[in-house]
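Q: The following comprises the amino acid sequence and a computationally predicted model.
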Amino acid sequence: MKKVEKANRIKGILFALPFAVMQLIGKDFSADNKINDLTLGKFYIMRALILFAGYFVVAYVLSVLGFYVIEKLRKKVAANKENTVERINIKSYLKSVLGVFVFWIPYYIFFFPGTSNIGDTDKQIRMFFHRPVKFPLNVSPVQGPDIYITDHHPFFTTWLYGSFVKLGITLFGRAWMGVAIFSFLQMLLFCAFLVFILFRVRSFGLPSKIFKLGIVFTALFPFYPMLAVCMVKDMTFSFFCLTTVWMIFEISMSEGMLLKNKWFVAGFAISNVLFMLSKGQGKYFVMVLAVMMMAVYWKYWYSVAITTVLPIFFVVVVWGKILLPVWNISPGGKQEAIGTLLQQSARYVVTYPDEVTEEEKNAIAAVIDYDNIAENFDPTVTNPIKITFNQKATKEQMRNYYKCWFAMFLKHPGLYFESTLNTCYKFFDMTWEGNPFFVCFNIDVEQDDELYIESFFTSGEIGNSIKWLFTEIRAIPIIGILFKTSFYTWVVWFLFLVNLKRRNSRMLVFCTIPILSIMIYAACPRSLPRYAEPVIMMIVPMLMATIVTGTEVKKSDNSDVIKV
């Protein structure tokens with residue numbers, strides 16, 4: 001017992017320390033986008049230390065209490081006499097899906113025919129129909145009069161959304177019908193899969209009361225249906241993120257045995273392909289996942305290669321290098337991968353203009369618009385600098401830039417740290433009022449255009465009222481925390497720490513994608529709540545999976561006990 005308590009104390013520190021630091025940074029940045037409290041004098045330093053202590057103590061106590069509760073629940077699962085892996089009762093499952101979906105339907109009706117973000121989905125649909133758009137085609141390395149679509153926004157989602165809009169126009173003469181069909185199907189898939197996960201963990205011994213609480217939460221939590229009706233790449237990515245993460249959990253529970261099942265292997269490979277095709281960061285996630293799985297499941301290296309390495313090859317080489325050029329799809333711009341670096345260079349030039357040497361100036365000017373850096377620079381967003389990237393920059397010019405970037409880093413490393421935090425700190429700041437959902441469909445065409453999509457019930461004041469309502473809900477003690485985007489960042493970190501123990505490498509593999517989903521915030525162009533949508537959708541499955549691990553699970557066919 002003492003060892004457990006000591007481990008929880010250490011984990012409590014590992015949770016509370018970054019939490020307290022990020023709350024201080026959030027408070028400091030919110031004033032003028034700079035870290036000031038440690039540079040303005042003893043009073044500010046003392047105030048910061050007092051605030052830090054307060055944040056630390058609260059986070060420490062709550063996290064240690066949380067670790068204790070998880071341990072109790074795990075012991076209850078272990079003691080559950082019905083702790084057997086059985087087939088899901090299809091009738092009960094379908095009833096639950098229908099019951100949850102009934103509670104989601106009002107959101108579908110209210111936001112009918114669906115929602116989208118401002119800009120991305122709109123441009124994807126117009127590109128699909130070969131309508132002229134300036135951005136993002138103008139920031140692609142391959143441009144021309146016969147190029148209408150770019151992979152800047154993944155072509156898979158461009159094709160998916162465009163196809164549904166085309167379906168609506170073809171069958172019903174209305175673009176909004178295509179959006180309505182897509183939103184309905186996406187919401188149904190999310191509902192069915194989230195309920196399936198709850199049924200699945202119950203079969204691993206999840207107590208009935210927690211299972212029922214999970215069903216109720218899934219039915220009543222507004223974020224789920226409000227996000228599920230949105231036609232945006234982040235939500236499509238979230239769904240395949242969810243399928244991939246859950247299949248990793250199934251592999252963990254079987255101690256890798258499922259990697260011998262050819263149908264499971266095929267499904268896992270397809271899930272990973274769709275996961276990577278729905279958003280650019282997916283391929284980097286799967287690359288890390290491949291390394292982790294090879295290390296943990298080396299015994300099944302052949303299946304791991306088929307489910308991770310082969311999909312990576314398909315997406316990077318076959319899809320990216322062969323199919324997209326054949327289809328005349330322009331690749332995304334190089335600036336997307338180095339946006340954080342470009343932003344750091346711009347902040348350096350704006351902050352220390354007198355320290356920039358002629359050589360450094362030339363190196364930077366070769367890759368971005370140097371003369372207008374001060375005018376374009378926004379400390380909270382990388383796009384104004386990033387879109388000025390010179391698509392014709394040579395390899396030599398890029399090498400010179402990287403050398404310049406590193407030399408500047410050595411002179412003012414703190415500035416680079418400050419620059420990166422400025423675009424992502426809100427994901428960790430519990431005072432942030434970000435909304436991860438949208439209230440209408442945005443498409444930049446005239447009302448008489450065939451692509452025009454009307455939001456029937458949420459235009460104007462109604463949409464503003466929805467935002468106001470959720471602002472008020474956030475102000476409610478305890479309940480309001482569930483509506484803060486940053487809350488889910490810290491829950492993922494908490495659950496990662498729960499699973500951080502010896503001989504638990506399989507669950508650490510399960511945590512890989514959730515943790516990477518947080519780490520990628522540092523590369524986001526700004527603190528947009530929609531980037532957190534995959535994290536929000538993974539929380540309940542991740543929590544349930546964490547509860548049922550560490551137990552002995554008997555198979556229904558009376559085979560050997562699997563220790564997880």
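A: Here it is on my side, so go on.
Q: All the helices of the stretch 101-250 of the chain, residue numbers only.
A: Using DSSP state H, counting those that start in this stretch, the helices of the stretch 101-250 of the chain run over 120-128, 155-172, 175-203, 208-220, 223-228, 233-253.
Q: Let's have the ones you listed in a markdown table, adding distance to Ile35, mean neighbour count and mean pLDDT.
A: In this view, the C-beta of every residue, glycine as well, is placed from N, C-alpha and C. As requested, the helices of the stretch 101-250 of the chain are exported to a markdown table (distance: least, CB to CB, whole Å; neighbours: other CB atoms under 10 Å; pLDDT from 0 to 100):
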| stretch | distance to Ile35 | mean neighbour count | mean pLDDT |
| --- | --- | --- | --- |
| helix 120-128 | 32 | 24 | 95 |
| helix 155-172 | 37 | 19 | 97 |
| helix 175-203 | 39 | 21 | 96 |
| helix 208-220 | 38 | 16 | 93 |
| helix 223-228 | 32 | 24 | 94 |
| helix 233-253 | 29 | 23 | 95 |
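Q: Which among those is found nearest to Thr431?
A: Judged by CB to CB, the one of these that comes nearest to Thr431 is helix 223-228, at 18.8 Å.
Q: can I get the helices of the stretch 101-250 of the chain in a markdown table with distance to Phe457?
A: As requested, the helices of the stretch 101-250 of the chain are arranged in a markdown table below (distance: least, CB to CB, whole Å):
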| stretch | distance to Phe457 |
| --- | --- |
| helix 120-128 | 19 |
| helix 155-172 | 18 |
| helix 175-203 | 12 |
| helix 208-220 | 21 |
| helix 223-228 | 14 |
| helix 233-253 | 20 |
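Q: Out of those helices, which is closest to Ile147?
A: Using CB to CB, the helices of the stretch 101-250 of the chain put helix 120-128 closest to Ile147, at 9.8 Å.
Q: coming back round to it: nearest to Lys386, of the helices of the stretch 101-250 of the chain?
A: Comparing the helices of the stretch 101-250 of the chain under CB to CB, the one sitting nearest is helix 120-128, at 15.1 Å.
Q: other SSEs contacting that closest one?
A: helix 155-172, helix 233-253 (3 or more CB pairs under 8 Å, 6 or more residues apart in numbering; DSSP states H and E).
Q: chain center to it: distance?
A: Relative to its parent chain, helix 120-128 has a centroid offset of 21 Å by CA atoms, centre = their mean, to the nearest Å.
Q: Then stretch 377-396?
A: Between the centre of stretch 377-396 and the centre of its chain there are 24 Å (CA atoms, centre = their mean).
Q: so for it, what's the average pLDDT?
A: The pLDDT scores in stretch 377-396 average 92.
Q: residues near Val350, how many?
A: Per other CB atoms under 10 Å, the neighbour tally for Val350 reads 13.
Q: On the three-state scheme, it is what?
A: At Val350 the chain is in helix, as set by DSSP: H, G, I helix; E, B strand; the rest coil.
Q: Leaving out chain neighbours, which residue sits closest to it?
A: Take Val350 and drop its neighbours on the chain: the residue closest to it by CB to CB, 6 or more residues apart in numbering is Phe377, 5.2 Å away.
Q: For that neighbour, give me its contacts.
A: Going by CB atoms under 8 Å, 6 or more residues apart in numbering, Phe377 touches Ala346, Arg347, Val350, Pro384, Ile385.
Q: Now list the buried members of those.
A: Neighbour counting by 16 or more other CB atoms under 10 Å classes Ala346, Arg347, Pro384, Ile385 among those as buried.
Q: export those residues to JSON lines and tack on secondary structure and distance to Val356?
A: Shown next, in JSON lines, are these (DSSP: H, G, I helix; E, B strand; the rest coil; distance: CB to CB, whole Å):
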{"residue": "Ala346", "secondary structure": "helix", "distance to Val356": "11"}
{"residue": "Arg347", "secondary structure": "helix", "distance to Val356": "12"}
{"residue": "Pro384", "secondary structure": "helix", "distance to Val356": "19"}
{"residue": "Ile385", "secondary structure": "helix", "distance to Val356": "15"}
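Q: All good on my end, thank you.
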